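Participant: Let's see this in three dimensions:
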Amino acid sequence: MTSTRRIKQLSLLAIIFLCVYGLWSVYKTQRYIYAMQAVERQAREKRLVDWQLLEQEVRQRVASYPGEVSLLIKDMATGWEISHGGDHMLPAASVIKIGIMSACLQAVQAGTLSLDECLVVQPADQTMGSGVIWLQPAGQAYTISELMRLMIGQSDNTASNMLIKRLGMEKINQFLLASGLTHTRLERPMMDFAARARGHENYTSAADMAKLLENIYSRRWPTPELSELALDYLKNQKVHDRIPAKLPHGVVVAHKTGYERFLCHDAGIVFMTEGDYLICVLTKSHGSFNASRLLIAEMAYDVYEYMQTATPLINPEGEVYDFSAQRYGELMHRG
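Facilitator: Coordinates of the predicted model:
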């Protein structure tokens, strides 16, 4: 009996020890988690101060600009935004081509369009202005993928109009509306000045363009592979006098410019090891093109400096995030 009682006592002591040790381990783990959450929260609070200083600088630049501005800037790691007239509609110029590309990629995902489908350039398709197709003899064939690359990279108007005709203006507008773009409308082909004279204009806003770019950047729309393809088109933009103009050589920018009389736009995403940011700036002014171009370039550089010098974000393990290894969506709206 004594031996049995002894064993029971030892067993009870062992159980009590394990319970106490388990509770102590849970307590230590919780303390560690709370400590790391506090470190993470403090880092975000310090970064927010940096962001608010950036916002002041951006608003000062907008206030000194002699014209209309529709602006949206977003820190993709935190989701913080700076908006000035983000929903203000302006004539879209060539940034509408982001919407055309997105509608085409959605059709590819749905199976109603193929990247390898070929379209032959007809004489009636050739549209003056930016691009190279209108300078070539009619009769050449281009795949849908090639037309999108030319439309984005060289802002080719003929490629744009061929894609509009193939997909249909009504279907493109249905896609834009279904995507939540309430301030964007395609009402005429590129360079159709007769339609413009009748009151038909293409419109958009910085917030709408940002929404399209964020959809692509997330790699969740329409598929990861098609999102990467869209980013590849945007990274091969040939005009570098706005968002990339003041950025150091080698900084990757996926963007689309737009330019017409009185209009100067650029909308894109800047990729950095410290974190990526989205910037869409649409301007309308009766002043010089250089003032508009300079406004966009300077604001893009302001955000670049913020990303380089802002307080680094800390992960729950107390480590600085390696943004070069992160995918969008993993960090959004943490804590």
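Participant: List the buried residues in stretch 83-90.
Facilitator: Ser83, His84, Gly85, Gly86, His88, Met89, Leu90 (16 or more other CB atoms under 10 Å). Glycine gets a C-beta too; all of them are placed from N, C-alpha and C.
Participant: Helices along this structure, start to end?
Facilitator: For the chain, applying DSSP state H gives helices covering 2-63, 96-110, 144-153, 157-167, 169-178, 193-197, 206-217, 224-235, 289-309.
Participant: got the CA positions of the last one in CSV?
Facilitator: Included here for helix 289-309 are C-alpha records, laid out as CSV according to Å, rounded to 0.1, in the frame of the first residue of the first chain:
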residue,chain,number,x,y,z
PHE,A,289,3.7,70.6,-70.1
ASN,A,290,7.0,70.8,-68.2
ALA,A,291,5.2,72.1,-65.0
SER,A,292,2.9,69.1,-65.0
ARG,A,293,5.7,66.7,-65.8
LEU,A,294,7.8,68.1,-63.0
LEU,A,295,5.0,67.9,-60.5
ILE,A,296,4.6,64.2,-61.1
ALA,A,297,8.3,63.5,-61.1
GLU,A,298,8.9,65.5,-57.8
MET,A,299,6.0,63.8,-56.0
ALA,A,300,7.2,60.3,-57.1
TYR,A,301,10.6,61.2,-55.7
ASP,A,302,9.1,62.5,-52.5
VAL,A,303,7.5,59.1,-52.0
TYR,A,304,10.7,57.4,-52.9
GLU,A,305,12.5,59.3,-50.2
TYR,A,306,9.8,58.4,-47.7
MET,A,307,10.1,54.7,-48.5
GLN,A,308,13.9,54.9,-48.1
THR,A,309,14.0,56.8,-44.8
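Participant: avg pLDDT for that helix?
Facilitator: Mean pLDDT, helix 289-309: 96.
Participant: All further residue positions should be reported with the first residue as 38.
Facilitator: Sure, I'll start numbering at 38, so the last one becomes helix 326-346.
Participant: and it, what does it pack onto?
Facilitator: helix 39-100, strand 105-112, strand 300-308, strand 314-321 (3 or more CB pairs under 8 Å, 6 or more residues apart in numbering; DSSP states H and E).
Participant: lowest-pLDDT helix or strand in the chain?
Facilitator: helix 39-100 (a mean of 74; mean pLDDT, DSSP states H and E).
Participant: any low-confidence regions in this structure?
Facilitator: Confidence mapping of the chain against pLDDT under 70 gives the ranges 38-39, 46-47, 54-55, 58-77, 351-372.
Participant: Make TSV out of the helices of the chain and add distance to Asp303.
Facilitator: Converted to TSV, the helices of the chain look like this (distance: least, CB to CB, whole Å):
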stretch	distance to Asp303
helix 39-100	15
helix 133-147	11
helix 181-190	13
helix 194-204	17
helix 206-215	20
helix 230-234	22
helix 243-254	10
helix 261-272	11
helix 326-346	5
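Participant: thinking again about what came up before, how about TSV for the helices and strands packed on helix 326-346, with mean neighbour count and distance to Asp229 added?
Facilitator: Compiled in TSV, the helices and strands packed on helix 326-346 are given as follows (neighbours: other CB atoms under 10 Å; distance: least, CB to CB, whole Å):
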stretch	mean neighbour count	distance to Asp229
helix 39-100	12	32
strand 105-112	24	23
strand 300-308	25	16
strand 314-321	26	20
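Participant: So Met126 versus Ala234, what's the distance?
Facilitator: 20 Å (CB to CB, to the nearest Å).
Participant: Pull the contacting residues for Asp278.
Facilitator: Arg330, Ala334 (CB atoms under 8 Å, 6 or more residues apart in numbering).
Participant: Quick check on it: phi, psi?
Facilitator: phi -100, psi 10 (degrees, to the nearest 10).
Participant: List the contacts of Val106.
Facilitator: Counting by CB under 8 Å, 6+ apart, Val106 makes contact with Val99, His121, Gly122, His125, Val318, Leu319, Thr320, Leu332.
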